[in-house]
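K.L.:
Sharing a sequence plus its predicted fold:
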Amino acid sequence: MMIPRIVIAGTHSGCGKTTIASGIMGALTARYMTVQPFKVGPDFIDPSHHTHICGRHSRNLDPFMMGEDGVLDSFTRACEGADIAVIEGVMGMFDGVDGSDLSSTAHVARLLQAPVILVVDAQGMSRSVHALIKGFLEFDPTITIAGVIVNKRGSDRHQRMIESGLAVPSFGWIPKREDIKVKSRHLGLLMAHESGSMTGTGKVIEEYCDLEAIVRVASLASDLRAPSVHTPHVSVRATIGVAMDPAFCFYYQDNLDRLRDCGANLVFFSPIADRLPVVDAVYLGGGYPELHLPELESSICTKELKDAVDQGMPVYAECGGLIYLSREIFAEKTYRMCGILPAQSDMTTKIQALGYVRGESAGNGSFLLPAGQIRGHEFHYSRTNPDRDARYAFSLSRGKGIYDGNDGLISANAIGSYTHVYFSQKFADLFIDAAANFRK
């Protein structure tokens, strides 16, 4: 497969790679190119901006969760019909799991045989920029760093001081700009629907970067041999409602695609504003329910969801969905929630867990529990306090979960976990099987 592609990597978190990667996507889209966006790692927020800018779903590329073949498969599938792929990195270019290379931007660039543009934050530096770039060039010779984009250029003099000694081409010199920053909160940047989707970043790239040179470098990527994965056509077996609104908006696009590929018709709805649709199961992702507690408490969907579970409907929930399914959430005051899971939740001012999760399921008869390993990610500012006799779906070998290394709180046909699980085909099949059985 020959698809022009470029990885936008950073020297460290906060160097500007999200703004620059999104700007490149926007500038190319404005030139009527079909851009397929990607994000290295398990992030949900940056892909929301990519998707809004490009008009195509941004995909996560994460070898820890997906495996290397999974990365290649997701990449090649998503690139069908695209003119170019732009891949935004994560953290610093060489930062992977537990200080290793695993799931780093460099790891993904190597898998995709993609050239890299390194974003360098030059604030407070001049000649030292050369030492920084030299270190990145020499650290891993298997990575092709085609050049740099220098961010936070102070002045024309500042640029000249750096430019004369560069060891690689520069594709752009971006000045300090306060007007293109996206505001943040406890889980990261604001989502695209809240912030205007970095709409000004494309114009910045057009003004300060050599877009033609970036496209030329992307076109030098070699032919990519990806695993041959055939997805047979499967008829619709069940309808799954997917919560999608400002409170529940964290989903891996591959998970939604896998549900469809395995025979699910997906119906999107808002627990804040809608009644529970006529569906055979419900999938509640993460997001920001803590910002919408009064609306969720008074929503008719909250009561209807409890009634549906009581009638046997399967429900799978993650993170924000987990605390929504609990009896109540305390955030300065107590708000009544679904009352489906035997627990009470509290919002906290400090982060409670952040990182990759690996766990084992015993396959103990619950609707969504294939025996074997689950992989995913957790990131939350809440604490869930389960009842003493609570049952759990997963035993974690890595990650915190709900309590004492256990995650996936079970009640009847509902499961809620802090882990954002990357769905295997078996995981998706069992969920749809449960929905189809309820439908009968």
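P.N.:
Here it is on my side, so go on.
K.L.:
Let me know how buried residue 8 is, in neighbour terms.
P.N.:
The local packing of residue 8 (other CB atoms under 10 Å) involves 25 other residues. Quick note: C-beta positions are derived from backbone N, CA and C, even for glycine.
K.L.:
That one in helix, strand or coil?
P.N.:
strand (DSSP: H, G, I helix; E, B strand; the rest coil).
K.L.:
Look up how far residue 46 lies from it.
P.N.:
11 Å (CB to CB, to the nearest Å).
K.L.:
joint contacts of those two?
P.N.:
residue 88 (CB atoms under 8 Å, 6 or more residues apart in numbering).
K.L.:
ranges for the strands of the stretch 101-250 of the chain?
P.N.:
Using DSSP state E, counting those that start in this stretch, the strands found in the stretch 101-250 of the chain span residues 116-121, 145-153, 170-175, 184-185, 188-189, 238-243, 248-250.
K.L.:
and the angle from the longest one to strand 116-121?
P.N.:
Yep, that's strand 145-153 we're talking about. 20 degrees (axes from the mean of the first three to the mean of the last three CA atoms, to 10 degrees).
K.L.:
and strand 145-153, which strands flank it?
P.N.:
strand 116-121 (parallel), strand 170-175 (parallel) (DSSP bridges).
K.L.:
what's the pLDDT at residue 226?
P.N.:
pLDDT, residue 226: 72.
K.L.:
ok now do residue 174, which residues does it touch?
P.N.:
Residue 174 touches 16, 20, 149-153, 204, 208-209, counting by CB under 8 Å, 6+ apart.
K.L.:
Show me how the record splits this protein into domains.
P.N.:
The chain breaks down by automatic domain parsing into domains covering 5-219, 238-439.
K.L.:
And the helices in the stretch 251-400 of the chain?
P.N.:
253-261, 293-298, 300-310, 320-325 (DSSP state H, counting those that start in this stretch).
K.L.:
List the residues that contact residue 44.
P.N.:
249-252, 286, 420.
K.L.:
Show the pLDDT at residue 196.
P.N.:
Per-residue pLDDT puts residue 196 at 54.
K.L.:
cool, residue 20 as well?
P.N.:
As predicted, residue 20 sits at a pLDDT of 95.
K.L.:
Please, which helix or strand holds it?
P.N.:
Assigned by DSSP states H and E, residue 20 falls within helix 17-30.
K.L.:
Pull out the buried residues from that helix.
P.N.:
Using 16 or more other CB atoms under 10 Å as the burial criterion, the residues of helix 17-30 that qualify are 17-29.
K.L.:
rewinding a little: dump the contacts of residue 174 into a markdown table; add distance to residue 436 as well.
P.N.:
Formatted as a markdown table, these follow (distance: CB to CB, whole Å):
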| residue | distance to residue 436 |
| --- | --- |
| 16 | 48 |
| 20 | 46 |
| 149 | 50 |
| 150 | 55 |
| 151 | 51 |
| 152 | 54 |
| 153 | 58 |
| 204 | 50 |
| 208 | 54 |
| 209 | 51 |
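K.L.:
pLDDT weak spots in the stretch 151-300 of the chain?
P.N.:
Applying pLDDT under 70 to the stretch 151-300 of the chain flags residues 178-199, 228-232.
K.L.:
Quick one: low-confidence residue ranges for the stretch 301-440 of the chain.
P.N.:
Applying pLDDT under 70 to the stretch 301-440 of the chain picks out residues 362-371.
K.L.:
For residue 259, see how far away the closest residue to residue 410 other than its chain neighbours is.
P.N.:
Once flanking residues are discounted, residue 410 sits nearest to residue 391: 4.5 Å by CB to CB, 6 or more residues apart in numbering. According to CB to CB, residue 391 and residue 259 sit 25 Å apart.
K.L.:
which of these two has more neighbours?
P.N.:
Between residue 391 and residue 259, residue 259 has the larger neighbour count (other CB under 10 Å), namely 24 against 15.
K.L.:
For that one, give me its contacts.
P.N.:
240, 266, 283, 423, 428, 431-432.
K.L.:
In ChimeraX, select just the buried ones from those.
P.N.:
Filtering the contacts of residue 259 down to the buried ones (16+ other CB under 10 Å) takes a single ChimeraX command:
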select :240,283,423,428,431,432
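K.L.:
Between which two of the contacts of residue 259 is the distance greatest?
P.N.:
Largest separation among the contacts of residue 259 by CB to CB: 266 and 423, giving 13.0 Å.
K.L.:
From the chain's centre, how far out is whatever helix or strand comes next after the helix holding residue 20? Work that out for me.
P.N.:
Downstream of helix 17-30, the first helix or strand assigned by DSSP H and E is strand 35-40. Distance of strand 35-40 from its chain centroid, counting by CA atoms, centre = their mean, to the nearest Å, is 11 Å.
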